[in-house]
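In: coords please:
(chains A and B)
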Amino acid sequence: AQSVTQPDIHITVSEGASLELRCNYSYGATPYLFWYVQSPGQGLQLLLKYFSGDTLVQGIKGFEAEFKRSQSSFNLRKPSVHWSDAAEYFCAVALIQGAQKLVFGQGTRLTINP
Amino acid sequence: EAGVTQFPSHSVIEKGQTVTLRCDPISGHDNLYWYRRVMGKEIKFLLHFVKESKQDESGMPNNRFLAERTGGTYSTLKVQPAELEDSGVYFCASSQGSAVGYGYTFGSGTRLTVV
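Out: Below is the predicted model of the structure:
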């Protein structure tokens, strides 16, 4: 079945440490890929997206993600996390260009230790 | 500009009651979407409006759910009668274009608890 998998439900890292959140998808072709973040009391905010071209994508708040076709992955990274990065992170895909809805993974909750 | 506004932010109702959720999109956004996250699971698409017309309602779980967007402005999502499994967070989003590439703006969601 087609799916988006975020294998880590909850991750805890120390402030200043590096971060990598994993996302794998299972589709026949390369979908359009997104990462969203939801901070407490806030809506879902788009961090970055990949449609084509350079497989390393830069986003807001110092985040980046790398698309690896061979691994069907789109992992999110940040070299040094800040306490304000504590939130829930969602990977999402759209199956085709012009698609009008997103398919989300289950989310990864990030806790930051001081 | 004002963002996507949803209310109430929280609602606790008893099984069998009716609840109506409201979403005010960004002014000028013709496209409005409803998504839902049931406890601990992934966020799932419910439906998509273009102005007042339902473009895609393939994600609506059953006929206890009724979405409307009269006049193509705000939208309501009514659950009648509510069941325990309807508990979750209901998100609304809006966009100028209909394709996801235009970028959604999401509201902060309505947390519905059915007891």
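In: ranges for the strands of chain B?
Out: Counting by DSSP state E, chain B has these strands, from start to end: B:5-7, B:10-13, B:19-24, B:31-38, B:43-50, B:53-56, B:65-68, B:75-79, B:88-95, B:105-106, B:110-114.
In: Let me have those strands in TSV, extended by mean pLDDT, mean neighbour count and distance to residue A:54.
Out: Placement of C-beta: from N, CA and C, glycine included. Converted to TSV, the strands of chain B look like this (pLDDT from 0 to 100; neighbours: other Cβ atoms under 10 Å in any protein chain shown; distance: least, Cβ to Cβ, whole Å):
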stretch	mean pLDDT	mean neighbour count	distance to residue A:54
strand B:5-7	96	17	35
strand B:10-13	97	15	42
strand B:19-24	98	19	35
strand B:31-38	96	23	28
strand B:43-50	95	21	27
strand B:53-56	94	14	31
strand B:65-68	98	16	39
strand B:75-79	98	20	37
strand B:88-95	95	23	25
strand B:105-106	92	20	25
strand B:110-114	97	19	38
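In: Dump those strands to TSV, plus distance to residue A:7.
Out: Rendered in TSV, the data for those read as follows (distance: least, Cβ to Cβ, whole Å):
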stretch	distance to residue A:7
strand B:5-7	30
strand B:10-13	30
strand B:19-24	32
strand B:31-38	18
strand B:43-50	17
strand B:53-56	30
strand B:65-68	31
strand B:75-79	32
strand B:88-95	22
strand B:105-106	24
strand B:110-114	26
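In: Turn those strands into TSV, columns for distance to chain A.
Out: Rendered in TSV, the data for these read as follows (distance: least, Cβ to the nearest Cβ, whole Å):
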stretch	distance to chain A
strand B:5-7	8
strand B:10-13	11
strand B:19-24	11
strand B:31-38	7
strand B:43-50	4
strand B:53-56	6
strand B:65-68	14
strand B:75-79	15
strand B:88-95	7
strand B:105-106	4
strand B:110-114	11
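In: Which residue ranges of chain A form strands?
Out: Along chain A, the stretches classed as strands by DSSP E are A:3-5, A:10-14, A:19-21, A:24-26, A:32-38, A:44-50, A:56-58, A:64-68, A:73-78, A:87-94, A:103-104, A:108-113.
In: would you list those strands in a markdown table and tack on mean neighbour count and distance to residue B:13?
Out: Below are the strands of chain A laid out as a markdown table (neighbours: other Cβ atoms under 10 Å in any protein chain shown; distance: least, Cβ to Cβ, whole Å):
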| stretch | mean neighbour count | distance to residue B:13 |
| --- | --- | --- |
| strand A:3-5 | 17 | 31 |
| strand A:10-14 | 12 | 29 |
| strand A:19-21 | 18 | 35 |
| strand A:24-26 | 16 | 36 |
| strand A:32-38 | 23 | 24 |
| strand A:44-50 | 20 | 24 |
| strand A:56-58 | 14 | 42 |
| strand A:64-68 | 18 | 39 |
| strand A:73-78 | 20 | 36 |
| strand A:87-94 | 23 | 25 |
| strand A:103-104 | 21 | 25 |
| strand A:108-113 | 16 | 27 |
